[in-house]
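Asker: Requesting a structural model of the entry that follows:
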Amino acid sequence: MLEVTEIYKSIQGESTYMGRPCVFVRLTGCNLRCVWCDTTHAFYDGKNLSTDQIIDQVKSYSINLVEITGGEPLLQKEVFPLMESLLKNKFQVMLETSGSLPIKNVPAEVIKILDLKCPGSGEENKNLWENLNHLGSTDEIKFVIADRVDYEWSKKVLQDYELDKKNPILFSPVFKKLKLKDLTEWILEDNLPVLLHTQLHKHIWDQKTIGV
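Answerer: Residues are numbered from 1 along each chain as shown. You can find the predicted model right below:
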């Protein structure tokens, strides 16, 4: 059984898959408390569902792309059988994770979105750097940037680890805290090999009416 906050369809609002119809399976619980978190509703009080029940709900939307998110989905050990089952059912599977827990046992076919925590999140010390060794070429690394300090930190990590040599790198501003224009100008000033990123769904819908 898995504790699930919600299962719903929307467009993929983040990652290089932005804009594609997607089914989101949001698991309950998180081991981090990022100061800008927009999914605090997923911390507690989910509904217990079996893998088969989740698969049935996902199938009902008739959409091939599925993202498992949270909270932090890797907190629940049954997420691994869920990912395997989704793959066996021919879904294209994405996993969004904070990077604070090991990803080495995530199936290689799953597209991992690794969210490295910048200082402005308050959870920088929870980054599990070993995870960078377990990323495949289809995986992506995301930095959620709150201010110039976060930007400079992200730039240093990018350069020190040569992250762009293997994976797409996403620089995304904290919504309504850092202006998209400011981040754009910083990236252009430094000619960084990154993808400017935003949370597309937040530009479309009122956040009081949808899962974020």
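Asker: list the contacts for the residue nearest to Phe143 when sequence neighbours are not counted?
Answerer: Distances taken as C-beta to C-beta, 6 or more residues apart in numbering place Ser154 nearest to Phe143, at 4.1 Å, with adjacent residues excluded. (Each C-beta comes from the backbone N, C-alpha and C, glycine too.) Contact analysis of Ser154 by C-beta atoms under 8 Å, 6 or more residues apart in numbering lists 116, 118, 143, 145, 171.
Asker: would CSV of those residues with pLDDT and distance to Trp186 be doable?
Answerer: Listed next are those as CSV, based on pLDDT from 0 to 100; distance: C-beta to C-beta, whole Å:
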residue, pLDDT, distance to Trp186
Leu116, 97, 17
Cys118, 97, 14
Phe143, 97, 12
Ile145, 97, 9
Phe171, 97, 9
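Asker: Flag every buried residue along the helix or strand hosting the residue nearest to Phe143.
Answerer: Following DSSP states H and E, one finds Ser154 within helix 148-161. Of the residues in helix 148-161, 150-151, 153-155, 157-158 count as buried by neighbour count, 16 or more other C-beta atoms under 10 Å.
Asker: before we move on, the earlier item: among the contacts of Ser154, which ones are in strands?
Answerer: Per DSSP state E, strands hold the following members of those: 116, 143, 145, 171.
Asker: ok, how many other residues are close to the third one?
Answerer: The local packing count at Ile145 equals 26, with neighbours defined by other C-beta atoms under 10 Å.
Asker: what do you get for the last one?
Answerer: The burial count assigned to Phe171 is 24, neighbours taken as other C-beta under 10 Å.
Asker: quick revisit: tell me which of the buried residues of helix 148-161 is nearest to Lys177?
Answerer: Closest to Lys177 out of these is Asp150 (10.0 Å), distances taken as C-beta to C-beta.
Asker: Just the CA coordinates for the helix or strand where Ile54 lies, please, in PDB.
Answerer: Assigned by DSSP H and E, Ile54 belongs to helix 51-59. C-alpha atoms of helix 51-59 as PDB (Å, rounded to 0.1, in the frame of the first residue of the first chain):
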ATOM      1  CA  THR A  51      -0.400  -0.400  -6.600                       C
ATOM      2  CA  ASP A  52      -3.300  -1.900  -8.600                       C
ATOM      3  CA  GLN A  53      -5.700   0.800  -7.500                       C
ATOM      4  CA  ILE A  54      -3.200   3.500  -8.500                       C
ATOM      5  CA  ILE A  55      -2.600   1.900 -11.900                       C
ATOM      6  CA  ASP A  56      -6.300   1.700 -12.500                       C
ATOM      7  CA  GLN A  57      -6.800   5.400 -11.700                       C
ATOM      8  CA  VAL A  58      -3.900   6.300 -14.000                       C
ATOM      9  CA  LYS A  59      -5.200   4.200 -16.800                       C
END
